[in-house]
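Participant: quick one, fold the following:
(2 chains)
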Amino acid sequence: MIVTRFAPSPTGYLHVGGARTALFNWLIARHSGGKFILRIEDTDTKRNTPTAAQQVMDDLRWLGIDWDEGPQIGGENGPYYQSQRLEIYKTYIDKLISEGKAYYCFDTSEQLAQARKKAEAEKQNFVYRRPEVLPTESDVKKAISDGKSVTIRFAIPQDAPIIVEDIIRGTVTFDPAQLSDFIICKSDGFPTYHFAVVVDDELMAVTHVCRGQEHLMNTPCHQALQKALGFRIPAYAHMSVTVSDTGGKLSKRERPKVLKTAIKAKNEIDLQKLANAGGISIDELNQFLKGKIVPDMPAIDAMADFIEVKLPEINVVDFRKSGYLPETMVNFLAMLGWNPGGEKEIMTTTELIECFDPNRLTKSNSLFDRKKLISFNTEHIKTVSKEKLLIHFKDYLNVIGSAVSAADDELLSRLLRINEGARTLEQIEQKCRFIFFENDNVEYDLKAVKKVLLKADGLDMLEIVGQRLTAIEELSEKNIENMLRNLAEEKQVGLGKVAQPLRVAICGNTVSPPIFDSVSILGKDNTLKRVEFTLKKFREQTG
RNA sequence: GGCCCCAUCGUCUAGGUAGGCCUAGGACACCGGGUUUUCAACCCGGCAACAGGGGUUCGAAUCCCCUUGGGGCUACCA
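Facilitator: Below you'll find the model as predicted:
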């Protein structure tokens, strides 16, 4: 049976790159009817955040990536938090020590830094090699009592080249002389990633490891360890990296970077208010602007909202908040560095599972193209079932805290129907907000008002439209349409000339769902009140 | 610096493992036109690539070498 896993370290939100890794592993497992495991690699006590694991799992669930073993559901190979597996690692480390395959070290970080500097000066790669005489038990006891920090390193066998058979890259050969005796146990007693990953993949019977290309250089180290421990060597696939269309690696640092530039570009900005909005001190804000510190994501998001800047989406949750469908994300991420071979690229998750084949993974890096993502989203909004779309829309409204969430399912479904062709859920929400405005508190877009109402005879036309509307008994779409079309014909103008003033009057904007639906949804009372209010407000202004 | 990976339209890619079917296909973006009550959506058309240089071969996008360019790693992070 094929067993894959996704092993995030809980340091923050799930990043799209991480989601892609999870997805490929999940697809490999689901395609073959195998097993997909979720494991939390929390061996770095300094960088872990308490809520991150939960957030990562929420994001995976949103994407529809479920796991057969792992946190929240358990399994026969638990626990699934590495911090709860310390005794297991210790057993294997002791074994390596007793067999002379690993050894204690007492180097200080200063000593190591110096050695690296020396290597650099000699234009050499820094390689840590075991000393001639290995420390004894009593050396260790003495070091501990002296308060020295003690680490354990694995002695990389130097006898033969290490050959990695990679599904994507083919055969890659490494010279062990280039490989350091890496640390397997840190001075705080926690294993390093390199050690924990090898032990857990063996114990959890993982057969296929699909991970980022950045791990390719680690693989010979892992294989040497597997050999020393008598473990199997799983199949490896080192995927290409996803790079950003804003330049450089697609990284979580992008959002703060964009925000910083945006703040600096706005000269008239109240820094104190901005800091308040982000829930940070003015001091922290200044430090941030100087590039000294980076506030946490909620603060970054809040400040971006405050100055009305749209930050590039990086984390899965960012895309969720921008109105993308999980189906879109799964489809798009799958097509980054993989394709089914034909000309089809819009695919459902089920279709993806059916034809997924890791042998078709691409070797070269790919750029994350947001324009293409939007077009995928447009396609998926068009093709998902009405029921699913409604669920996604409700989730979206909920996640962003929209006033539109006050609508019932029937209205929501209607809003989705009349917004056919929308590119994102965000777009739909923005076009429908007007329904929930107070009649005397419509948010007018000044450009729209100027162009449609104040120019030509916009207000006069609106007045006539208002009168005709009053005269209609029942504001059905059909009645509204007939009235507007007749009026346009009567006045010898296009429909736009009569419809646009009405549109701006009821939603403050030139962009809304089709006007007949918009009016009928608003209802006669609200519509007439808004028309009246608009006439009054802008008649006064123009004198 | 060292080690490793990669290289087809602006972007994602098909084709490369069995060299001729490739005057290199699709999608997104872009440009032009159409449709239209706004924004979208939709329809039609167009632009656009085998990084460079050497080989091998009757024949190379496809195989080999070099150059150049990009990326990764080089932590008591994962």
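
Participant: am I right that A:M335 is in contact with A:E345?
Facilitator: Yes. Using CB atoms under 8 Å, A:M335 makes contact with A:E345 at a distance of 5.7 Å. Where you see a C-beta, it was placed from the backbone N, CA and C, and this is true even at glycine.

Participant: element containing A:E354?
Facilitator: Following DSSP states H and E, one finds A:E354 within helix A:349-355.

Participant: what residues sit buried inside that helix?
Facilitator: Residues of helix A:349-355 classed as buried: A:349, A:352-353 (neighbour count, 16 or more other CB atoms under 10 Å).

Participant: with stretch A:382-400 instead?
Facilitator: A:384, A:389-390, A:392-397, A:400.

Participant: return the subset of the residues you listed lying in helices.
Facilitator: Using DSSP state H, the members of those that fall within helices are A:389-390, A:392-397, A:400.

Participant: sorry, back to before: what's the first helix or strand after the helix holding A:E354?
Facilitator: Heading C-terminal from helix A:349-355 (DSSP H and E), you reach strand A:366-368.

Participant: contacts for that following strand next, please.
Facilitator: The list of residues contacting strand A:366-368 from outside it, by CB atoms under 8 Å, 6 or more residues apart in numbering, reads A:16, A:240, A:242-245, A:250, A:336-337.

Participant: and the residues you listed near RNA strand B, which?
Facilitator: With CB under 7 Å from any atom of the strand as the criterion, the contacts of strand A:366-368 include A:240, A:243, A:245, A:336-337 near RNA strand B.

Participant: show me what contacts the closest residue to A:I93 other than its chain neighbours?
Facilitator: The shortest distance from A:I93 to any non-neighbouring residue, by CB to CB, 6 or more residues apart in numbering, is to A:C185 (5.5 Å). Contacts for A:C185 (CB under 8 Å, 6+ apart) come out as A:89, A:93, A:151-152, A:191-192, A:195.

Participant: CSV for the residues you listed, including neighbour count, pLDDT and distance to RNA strand B?
Facilitator: Shown next, in CSV, are those (neighbours: other CB atoms under 10 Å; pLDDT from 0 to 100; distance: CB to the nearest atom of the strand, whole Å):
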residue, neighbour count, pLDDT, distance to RNA strand B
A:Y89, 22, 97, 12
A:I93, 19, 96, 14
A:T151, 16, 94, 5
A:I152, 23, 96, 9
A:P191, 25, 97, 8
A:T192, 19, 97, 4
A:F195, 28, 98, 9
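
Participant: just flag the most distant two among these.
Facilitator: A:Y89 and A:T151 (13.7 Å; CB to CB).

Participant: is stretch A:40-53 up against RNA strand B anywhere?
Facilitator: Yes. With CB under 7 Å from any atom of the strand as the criterion, RNA strand B is reached by stretch A:40-53 at A:41, A:43-44, A:47.

Participant: any weak-confidence spans in chain A?
Facilitator: Within chain A, the ranges that satisfy pLDDT under 70 run A:246-248, A:542-543.

Participant: picking that back up, got a winner among the residues of stretch A:40-53 next to RNA strand B for most neighbours?
Facilitator: When neighbours are counted by other CB atoms under 10 Å, A:T43 leads the residues of stretch A:40-53 next to RNA strand B with 23 neighbours.

Participant: report the buried residues of the one helix or strand A:L259 maps to.
Facilitator: Using DSSP H and E, A:L259 maps to helix A:254-265. Residues A:254-260, A:262-263 are the ones in helix A:254-265 that count as buried (16+ other CB under 10 Å).

Participant: burial check on A:F154, number of neighbours?
Facilitator: Neighbour count of A:F154, defined by other CB under 10 Å: 27.

Participant: helices along the stretch 401-543 of chain A, start to end?
Facilitator: For the stretch 401-543 of chain A, the helices defined by DSSP state H, counting those that start in this stretch occupy A:409-418, A:425-432, A:446-448, A:458-471, A:477-490, A:495-507, A:515-522, A:524-542.

Participant: who does the fifth one touch, helix- and strand-wise?
Facilitator: If I follow you right, that is helix A:477-490. helix A:458-471, helix A:495-507, helix A:515-522 (3 or more CB pairs under 8 Å, 6 or more residues apart in numbering; DSSP states H and E).

Participant: how big is the angle separating it from helix A:458-471?
Facilitator: If you take axes from the mean of the first three to the mean of the last three CA atoms, to 10 degrees, helix A:477-490 sits at 140 degrees to helix A:458-471.
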